[in-house]
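J.: Structure for the following, please:
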Amino acid sequence: TGVVPFMALLLLQRRPVAGRALLVTGSSCPGHGLCRSNVQEQTRRQVALLNATAQDLFSLYLKCQGEPFSSESDKLCNPTGIFFPPFRVNRTSERKEVMVAMYKLFAFLNASLGNITRDQEELNPTAKELLDRLHNTTKTTRGLISNLTCLLCKNYNIFQVDVRYGESSKTKSAFKKKQQGCQVLRKYVQVIGQAARVLLPHLSPS
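T.: The predicted structure follows:
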């Protein structure tokens, strides 16, 4: 799998893609003109919102899956062994490194949310609150990806990043679909707090 342009990634929400991290810089950045004047503040708000709602989304997901997920979440939702983008940056990392790591994280999350939403529409079609939460989280994540794309293009002239997505759950059993969803959301809860702590200072008004 090669490097996937940003604009193409926004269209490949549910397609599993794998590859190594690779940055490309160049003279033509397609996202440069997409920046809004308040893009940095908007990005801050989106990350803060995702961080504030992650635990509630996970708890609601568990509730809607029923047993044994409600009572054995520690065992069934343990994310050890599933792929999730490594997040090795911290507050002392360079801003560009942080922004690239964030893009990879939220591009992965966006695709994973697409898988989870599709599965829940099939398995729990009457769980309106859960489906609404998933759709709203996906909407926020897509907006965040667009803003990160813009900031990477505008500030660093980076317009291509190789992103690896997780395993598709489409052909799995109902139980495995539920389990994969809770594993990803459990890991998301763990990582989003760290991501917010790392990213928000980099987006503070100077």
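J.: any chance you could map the strands in this protein?
T.: Under the criterion DSSP state E, strands of the chain are mapped to 4-5, 23-25, 158-161.
J.: Make sure I116 is actually in contact with Q179.
T.: No. The pair I116 / Q179 is not scored as a contact, 11.3 Å apart, by Cβ atoms under 8 Å. Yep, even glycine has a C-beta here, placed from its N, CA and C like the rest.
J.: neighbour-wise, which of the two wins?
T.: I116 (25 against 19; other Cβ atoms under 10 Å).
J.: State the distance from the more buried one to V198.
T.: With distances taken as Cβ to Cβ, to the nearest Å, I116 is found 24 Å from V198.
J.: And for G81?
T.: For G81, the distance to V198 - Cβ to Cβ - is 25 Å.
J.: Looking at those two, which is more packed in?
T.: V198 (19 against 6).
J.: could you give me the average pLDDT of stretch 84-102?
T.: What stretch 84-102 shows for mean pLDDT is 88.
J.: in it, what counts as buried?
T.: F84, P85, F87, V89, V98, M99, V100, A101, M102 (16 or more other Cβ atoms under 10 Å).
J.: State the pair within those that is farthest apart.
T.: The distance between the two most remote of the buried residues of stretch 84-102 (Cβ to Cβ) is 18.7 Å, for F84 and M99.
J.: The nearest residue to F83 once chain neighbours are set aside: what's it in contact with?
T.: Computed as Cβ to Cβ, 6 or more residues apart in numbering, the closest residue to F83 that is not its neighbour in sequence is G166, at 5.2 Å. Taking Cβ atoms under 8 Å, 6 or more residues apart in numbering, we find G166 in contact with P16, I82, F83, F84, F108, A111, S112, N115, V184.
J.: do that again at 10 Å, thanks
T.: 16-18, 82-85, 108-109, 111-112, 115, 180, 183-184, 187 (Cβ atoms under 10 Å, 6 or more residues apart in numbering).
J.: Repeat that for T140.
T.: With Cβ under 10 Å, 6+ apart, T140 has these contacts: R45, Q46, V47, L49, L50, T53, F106, N110, L113.
J.: Kindly provide the distance from I145 to A107.
T.: Distance from I145 to A107, by Cβ to Cβ: 6 Å.
J.: who's more crowded, the two?
T.: Between I145 and A107, counting by other Cβ under 10 Å, A107 is the more crowded of the two (28 against 21).
J.: so the more buried one makes contact with S146?
T.: No. Applying Cβ atoms under 10 Å, one finds A107 not in contact with S146, separated by 11.0 Å.
J.: ok so, going back, what is in contact with I116 and Q179 at once?
T.: With Cβ under 10 Å, 6+ apart as the test, I116 and Q179 both reach S169.
J.: what does stretch 86-103 contact?
T.: 6, 9, 21, 23, 43, 47, 85, 104-105, 144-145, 148-149, 151-152, 155-156, 158, 161, 163-164, 190-192, 194-195, 197-203.
J.: Now go through the contacts of G166 and say which are in helices.
T.: With helices taken from DSSP state H, the overlap with the contacts of G166 comprises F108, L109, A111, S112, N115, Q180, Q183, V184, K187.
J.: Closest one to K139 out of the residues you listed, please.
T.: The closest of the ones in helices among the contacts of G166, once distances to K139 are taken by Cβ to Cβ, is L109, at 12.6 Å.
J.: Thanks again, I'm all set now.
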